[in-house]
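Novice: Quick one: sequence plus predicted model below, questions after.
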Amino acid sequence: MGTPAAASAYPAVSAPGWRDTWKHARYVATDNPVTLGAFLLFGFFLVLAIFGPWIAPYDPLMSNTEVALKPPSAANWFGTDSLGRDILSRIIVAAQLDFGIAISAVFASFFIGSTLGCLAGYYGGWADRIIGRIADTIMAFPLFVLAMGIVAALGNSVANIILATAIINLPFYIRVSRAEINVRRNAGYVEAARLAGNSDARILALHLFPNVLPPMMVQISLNMGWAILNAAGLSFIGLGVRPPQAEWGIMVAEGATYIISGEWWIAFFPGATLMLVVFTFNLLGDGLRDILDPRMRT
Amino acid sequence: MTLEAPLLSVRDYSLEFRTRSGTVHALENVSLEVAKGETVGIVGESGSGKSVLSFGILRILDAAAEVKAGTIVFAGMDMLAAKEGALQEVRGREISMIFQNPRTALNPIRKIGRQIEDVLRTHTSTLQSELKKKAIECLAQVRITDPERRYSAYPFELSGGQCQRVMIALALACNPALLIADEPTTGLDVTTQAAIMELVSDLARERNMATILITHDLALASEYCDRIVVMHAGHVVESAPTGRLFAQPRHPYTARLIAATPSPEVEIDSLSSIPGNLPDLRRNDLPSCRFHARCDRAVGQCAVESLPEVTYESGHKVRCFNPL
Amino acid sequence: MLKMILRRLVGAVPNIIGVVIVTFLLTRALPGDPAAYFAGPSATTEAIEQIRAQLGLDKSLAHQFVVYIKELARGDLGNSLSTGQPVMTEIRTRLPASLELTLCGLVFACVTAIPLGVLAATRPGSWIDHLCRMLATAGVSLPTFFTGLLLAYVCYFLLGISPSPVGRLDVSYPAPATVTGLYLLDSLIARDLETFQAAAAQLILPAVTLGLFVMAPLMRMTRASMLGVLSSDFIRTARASGLSGNKVLYTYAFRNALLPIVTTLGMVFSFLLGSNVLVEKVFAWPGIGSYVIEALVSSDYAPVQGFVLTMAMVYVALNLLIDVMYGVIDPRVGIEG
């Protein structure tokens, strides 16, 4: 996995200097308006996700065939769909679902993946081989195809989307944490902790793991965007979220049949929202990368 | 004293680098002359600007470099005014360069024979069918064993010494008038060092090729160079024929360098180091003499007035207000 | 060279084993009754028991695995519920369509991303550089299915410059005689330029949609790799030797920069094969992606399993190809093994 010196670009920190990080964060935010914009947008979407159901102007599930297929207007900013449901309301409510899926999947993936990776990197030997084999097997599939297979096998439900997304993201977290732990396994402060009688678990949790966090945080943000795309993609082809539930991917699918006949808004607004959210997560990831380690800027 | 014009003439050359942390005044008023067939050594600490000077002569500096003043004339050609097309004709054909770390200086995924052919193809009118033969000849001339087989080798299959020989072959393939050797023996073991230096020296003599040997090793320079130019922090402080430099160093820095150089006659204990560090070249308030802070002979004018050039016999020059 | 290829082949074997085991587990070790899955949602209890006996689902898991391997070796992927046809036949017929689409998507992505990346690296800080970085971030944000719909809407519905986005050929053109199954190649082999043009016209939008998403990582990697190579020692030597700008850039710099780009292709193929399904749905492309979507709708499980296995095998084969390509470009690889 590369020479020890080359594997890690991050110096060891025993306690992150939060004051310095905050100062640097402020500098990056003011120096780079795009990153600031990303943070603000992220905040906006987060609010939408948390308070969605209360903010939405109409009931997202209520159909009213009289106003079906109406283009954007003062009454319905984003128009109505084939069942007369207000698209704006459905988009707002879907934020909660999509965010929920992304956050659950990514954090599950992160915790399980980095634990496995830490164990592999720290103990080496059999643990390393088996865990490496698991990661390699997952990576042997095109990831979306594997997700499809998992959801198709286990059944169409939100929980299974989360499970599938978590599984396909495991290899990355396993690899990064394994590499970082491997490099620091025999560092001075680890030896010292060991000699002082700390158990392996303590060493892993308190001394080694915090150093794994910085590169992970960047990837978590990028993964969120990818997880949302994944969930939307699965719903688009009919796996996972079922109608009448509001989810961005399913809404685009529902609107796909109408786009050729000219009713573009049904698919456009959910798709555009999806794009904007993922874009925000990607910018956020880039911004986090700049804050945490300017050396990693591409 | 040569009567004909020098092969290479650098006059009052000043160079700056624009970086994110400020402007680096890398070279200031550097002057240098190399006659045909002469071997000139440029010595100085790391960071004294020796390599930068050589890159400047060949015009292969980074885009952040800005020439502030001066002229560089090679065989009657104004190097600073020349266009890229003309420069490409000179590089590798009239002026060649070899670098330290020979292994990384060669294309790792291209057979060394092909790399030599690339140079031959660019600068000579050798027929396609003759290229391979010529390339093998070049390898033989640098005393590589079994050149036929080595032609198809990749750099990672060769030792450090062999890689340096390949570099020399590349550089000498078109018989340049001037060879710039930038620390060619750094990183090689002592026996290989001697072999490489002997090779360069022999080839230079055979072809009457001028050489600039850049090194931080004064002892090496004393053995192979006709003249030595001493640089410190972007300045040329002294230049003299080798014998004269060691017999009578005039600049305090040169004297200290010599005193710090190990040799068989000198006891380790009597070696002295030079106090202090190179000044930060990003400062805007650099003194006129950049050795000022480390010099024990500094006088009032050293920091403020521009340095004079004092000439002694045999072309021995020094830039100092208080030479030895 | 041959040794290197063989070594790569051997290295791919654990992956193949892993894929087979996982696809097996996905079907047999399901929660609930696998027989019910295969029998379909509208099966009677007797039908389910029949399926169970027929597929050997009442035997032990180990026994089932052995049977599974034997069937795979025979090329038997089971039968589709809705059509009654062997899954293998359907997949074999439809695979060329998907491969043609994926290949064209890849070509589009490479032809746009790599030159842009090289340009951005040779002109750091210029508008091309900034454009590249923006495209790279924006590119990975595009939901493939949405991009496809937008492109179809704009190019077909609004501007009318693209043909109707349904399928590989307009109805007025018969398919060319099958040699490879790739319409572009087959029509060229049959010297039928009209069909070639028609097929190409249908391919443009789906291929662009597919390729857009992977343009971003390719561009980013090309740019980063070129930047790294351009500042390395051997480029300095090449310049100091007076080699022409183009020679330095292409023969020396680009070839060395290719190495990380080739490695990126692994991830690129993962995206391409995965997004294939989405694009096939949007453009009604008759490949294995559409096949599996139809199967999903009717809860027809055998095709889904066949699809996952096929895609995974194609991916393993592609990764093998990438490994071999890397070994060809970089002679040092043979030594490290």
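Specialist: Cool, got the structure. Predicted, not measured: the structure shown is a model, and the values here were computed from it.
Novice: for chain B, what spans make up the strands?
Specialist: For chain B, applying DSSP state E gives strands covering B:8-19, B:22-34, B:39-43, B:65-74, B:77-78, B:95-98, B:178-182, B:210-215, B:227-232, B:235-241, B:310-311, B:317-318.
Novice: Take the ones you listed and lay them out in a markdown table including mean neighbour count.
Specialist: For the C-beta atoms, the positions are set from N, CA and C on the backbone; glycine is no exception. Below are the strands of chain B laid out as a markdown table (neighbours: other C-beta atoms under 10 Å in any protein chain shown):
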| stretch | mean neighbour count |
| --- | --- |
| strand B:8-19 | 18 |
| strand B:22-34 | 21 |
| strand B:39-43 | 26 |
| strand B:65-74 | 17 |
| strand B:77-78 | 13 |
| strand B:95-98 | 27 |
| strand B:178-182 | 25 |
| strand B:210-215 | 24 |
| strand B:227-232 | 26 |
| strand B:235-241 | 24 |
| strand B:310-311 | 12 |
| strand B:317-318 | 20 |
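Novice: Please, which helix or strand holds the residue nearest to A:Arg242 when sequence neighbours are not counted?
Specialist: Spatial nearest neighbour of A:Arg242, excluding adjacent residues (C-beta to C-beta, 6 or more residues apart in numbering or on different chains): A:Asn156 at 6.1 Å. For A:Asn156, there is no enclosing helix or strand under DSSP states H and E.
Novice: Over to A:Gly149?
Specialist: helix A:143-154.
Novice: Check which helices and strands that helix sits against.
Specialist: helix A:158-184, helix A:209-236, helix C:2-28, helix C:255-282, helix C:301-329 (3 or more C-beta pairs under 8 Å, 6 or more residues apart in numbering or on different chains; DSSP states H and E).
Novice: can you pull the buried residues of the fourth one?
Specialist: It refers to helix C:255-282. The neighbour-count check on helix C:255-282 (16 or more other C-beta atoms under 10 Å in any protein chain shown) flags C:256-262, C:264-265, C:268-282 as buried.
Novice: same thing with the last one?
Specialist: If you call a residue buried by 16+ other C-beta under 10 Å, then helix C:301-329 has these buried ones: C:301-316, C:318-320, C:322-324, C:326-327.
Novice: mind listing what the residue of chain A found nearest chain C touches?
Specialist: For chain A, the residue closest to chain C is A:Phe144, as judged by C-beta to the nearest C-beta, at 2.8 Å. Contacts for A:Phe144 (C-beta atoms under 8 Å, 6 or more residues apart in numbering or on different chains) come out as A:168, A:230, A:233, C:270-271, C:273-275, C:277.
Novice: can you put the residues you listed in JSON lines and add distance to chain B?
Specialist: Listed next are these as JSON lines, based on distance: C-beta to the nearest C-beta, whole Å:
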{"residue": "A:Ile168", "distance to chain B": "34"}
{"residue": "A:Asn230", "distance to chain B": "37"}
{"residue": "A:Gly233", "distance to chain B": "39"}
{"residue": "C:Ser270", "distance to chain B": "26"}
{"residue": "C:Phe271", "distance to chain B": "28"}
{"residue": "C:Leu273", "distance to chain B": "29"}
{"residue": "C:Gly274", "distance to chain B": "32"}
{"residue": "C:Ser275", "distance to chain B": "33"}
{"residue": "C:Val277", "distance to chain B": "38"}
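Novice: Nearest to A:Pro214, out of those: which one, please.
Specialist: A:Ile168 (23.5 Å; C-beta to C-beta).
Novice: State the pLDDT value of the residue nearest to that closest one when sequence neighbours are not counted.
Specialist: Residue nearest to A:Ile168 in three dimensions, not counting chain neighbours: A:Leu143, with 4.3 Å by C-beta to C-beta, 6+ apart. Per-residue pLDDT puts A:Leu143 at 92.
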